[in-house]
Structures are given as structure tokens and as C-alpha cells.
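Enquirer: Fold the stuff below for me.
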Amino acid sequence: QVRLVESGGGLVQFGGSLRLSCAASGSIFRINNMGWYRQAPGRQRDLVATITSGGSTNIEDSVKGRFTISRDNAKNTVYLQMNSLKPEDTAVYYCNAEIQPTLLRPRNNYWGEGTLVTVSS
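Expert: Next up is the predicted model:
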């Protein structure tokens, strides 16, 4: 059973910083892309950033220059460093990973349960 567990969310003031972490555990043979998505109240879940196993990143335009995604392959963990936070960044942030559980099983897309980030003005 594969699990993704996020941590690091919370309440922060305008202009502040937070660092989200997401650790994958369980039966893991290989992790391909990892990423972060967010969902604000009443809105759809949107891509924030992704990172390949080799470290190539893709950052959504609205957070480019403020957010950085990174990963530690030895720890099966992905991070999202969020700086210069704005009220419009308020959302539940979800971790996503494409994981192949064993050599003989196909890869699947997995989601964490989300962590709430609230930015006050």
C-alpha cells in the first residue's frame, strides 16, 4: 500500500513563507514525476509545480519566482518552498506522485490527503 503524507501547512501572513513536505511510503519500486496541486474553495484543483526523477521542474506561472519545488529521492520526499505568499495562495495543497509499486506492477497516480495553507492579508 502506497501512501503520500503532506506536512507543513498552516496560517501565515501576507509576504511570509512556508515549506511543504510530502513523503511517500509503502511498497515503492520507482517514483517518476512528483508534484503539488492546490484547490481553493469553490474552485478546481490546479497544478502548482512538478518535478521529474531527474530534477527537471515545471512551475505554474502565477507562482513562478516565488515557489520552488525540490525532491530528495533517497527519502522519497518532495518539497514546496513558498515565499512571498499572497492571500490568493490560500488553498488546500495536494501532493501527487506517479509510483510503480513493484517491478511487476504498473505505475499509478497517487494523491495525498492535502494540507491547508491560509495566507492572511
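Enquirer: Contact partners for the residue nearest the centre of the chain?
Expert: Geometric centre of the chain, nearest residue: Trp36, 2.8 Å, by Cα atoms, centre = their mean. Under the criterion of Cβ atoms under 8 Å, 6 or more residues apart in numbering, the neighbours of Trp36 are 20, 22, 48-50, 69, 78, 80, 93-96. (Glycine included, C-beta is placed from N, CA and C.)
Enquirer: again, but for Gln1
Expert: Per Cβ under 8 Å, 6+ apart, neighbours of Gln1: 26-27.
Enquirer: Name the SS class of the residue in the chain sticking out farthest from the centre, please.
Expert: Residue farthest from the centre of the chain, counting by Cα atoms, centre = their mean, is Leu104 at 26.8 Å. Here Leu104 is recorded as coil under DSSP: H, G, I helix; E, B strand; the rest coil.
Enquirer: gap between it and Ser27?
Expert: As judged by Cβ to Cβ, to the nearest Å, Leu104 and Ser27 stand 11 Å apart.
Enquirer: Cheers, nothing more for now.
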